[in-house]
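Participant: 3D, please:
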Amino acid sequence: MISVSLVDDHIMVRSGFAQLLSCEPDIEVHSEFDNARDAYRVLSVSNIDVAVIDISMPDESGLVLLEKLRRKQPELKAIMLSIYDSASFVSKAIEVGAYGYLSKKCGPQELVTAIRKVASGDRYLCTDALVNLSNASSSPSALKELTKREREVFDHLIQGLDVKEVGNKLSISHKTIHVHRANILSKLNLSNNVDLIRFALQHKLLSDETV
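Facilitator: Coordinates of the predicted model:
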C-alpha cells in the first residue's frame, strides 16, 4: 500500500485528490494539511511513501517545505504541484529533491500515475514541464565520451543519489566520485546535478520518459 500525504491550502483541490485516491486499491491517504507548518511538524517524523505538495502555500513555499523535510527524511519522495511549469520552477523543484512535478492543468488520473511511479523510485514530470526543460545543450551522443565507471556514476546521479550514496553503492570513496562527477559534467557540457537530471529526462534516459 502506498501511503500519501496531501499538502495544499485549497480545500476543494485537496479533498478532490483525497476522494480520487480513495478509489485506488493500492493507495491510502495518510494525512492532509492546509499549511506548511503543520505539514512539517507531522511529516518530519512520519514515514510516508509520497507527499504531494503545492508550491504556493500561504505561510511558506512548498519548495522550502520540501527542502526542510528532506533534511529530516532523506528518503521522502515528493511530487510538486503548481500552476506554473516553467523551466525555472521545475529545475528548482528537482534541485530541492522533488521526484515529480505536476501542473494543475494536468488531469486527475495523471496524479495517480505520478504517485505510483514516484513511489517505485522513478521520476515523473508532466508533459508541459518536460517540454520546458528541453533546452539542454548536450546531445545523447556525448554519453559515448564517458568511461564505463563514469557511466555507472552518471546512472546513479540521475536517480537523485548524492555523491556519498553513489560512493556507497559502488564501493568507491566519495572523493573519487567527486572526480568522476566533475568529469561527467565537463564531458556533457553541464553545470550541476539538476542539469544532469534535465539531460536524462530530455533524452529519455529515465523510466518516466513516457509522461
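Participant: just how off-centre is the least confident helix or strand in the chain by mean pLDDT within its chain?
Facilitator: Least confident helix or strand, the chain: helix 127-132 with a mean of 78, by mean pLDDT, DSSP states H and E. Centroid separation for helix 127-132 versus its chain: 14 Å, with CA atoms, centre = their mean, to the nearest Å.
Participant: got a list of contacts for that helix?
Facilitator: Helix 127-132 has contacts (CB atoms under 8 Å, 6 or more residues apart in numbering) with 85-87, 90, 101-103, 105, 201-202, 211. For every residue, glycine as well, the C-beta is placed using N, CA and C.
Participant: in those, find the pair that's most separated.
Facilitator: Spanning the widest gap among the contacts of helix 127-132 are 105 and 202, at 20.9 Å by CB to CB.
Participant: looking at those two, which one has more neighbours?
Facilitator: Taking other CB atoms under 10 Å, residue 105 and residue 202 do not tie; residue 202 has more neighbours (19 against 12).
Participant: so where's this protein uncertain?
Facilitator: Low-confidence segments of the chain (pLDDT under 70): 133-140, 207-211.
Participant: run through who's touching the helix ranked longest in the chain.
Facilitator: Counting residues, the longest helix found in the chain (DSSP state H) is helix 174-188. The contact list for helix 174-188 (CB under 8 Å, 6+ apart) reads 138, 142-143, 145-146, 149-150, 153-154, 157, 163-164, 166-167, 170, 190-192, 195-196, 199.
Participant: rerun at 6 Å
Facilitator: Identification of contacts with helix 174-188 by CB atoms under 6 Å, 6 or more residues apart in numbering yields 138, 142, 145, 150, 153-154, 163-164, 166-167.
Participant: could you dump whatever helix or strand comes next after that helix to CSV, C-alpha only?
Facilitator: Next along the chain after helix 174-188, taking DSSP states H and E as the criterion, comes helix 193-202. Output in CSV follows, covering the C-alpha atoms of helix 193-202 (Å, rounded to 0.1, in the frame of the first residue of the first chain):
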residue,chain,number,x,y,z
ASN,A,193,23.2,17.6,-10.8
VAL,A,194,20.0,19.4,-11.8
ASP,A,195,21.4,19.7,-15.3
LEU,A,196,22.2,16.0,-15.3
ILE,A,197,18.6,15.1,-14.4
ARG,A,198,17.3,17.5,-17.0
PHE,A,199,19.6,15.9,-19.6
ALA,A,200,18.4,12.4,-18.6
LEU,A,201,14.8,13.4,-18.9
GLN,A,202,15.2,15.2,-22.2
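Participant: helix 174-188 and helix 193-202, what's the angle between them?
Facilitator: Here helix 193-202 runs at an angle of 60 degrees relative to helix 174-188 (axes from the mean of the first three to the mean of the last three CA atoms, to 10 degrees).
Participant: quick one: distance of helix 193-202 to the chain centre.
Facilitator: On CA atoms, centre = their mean, the centre of helix 193-202 falls 11 Å from that of its chain.
Participant: show me the domain layout of the protein.
Facilitator: Domain ranges of the chain: 2-132, 140-189, per automatic domain parsing.
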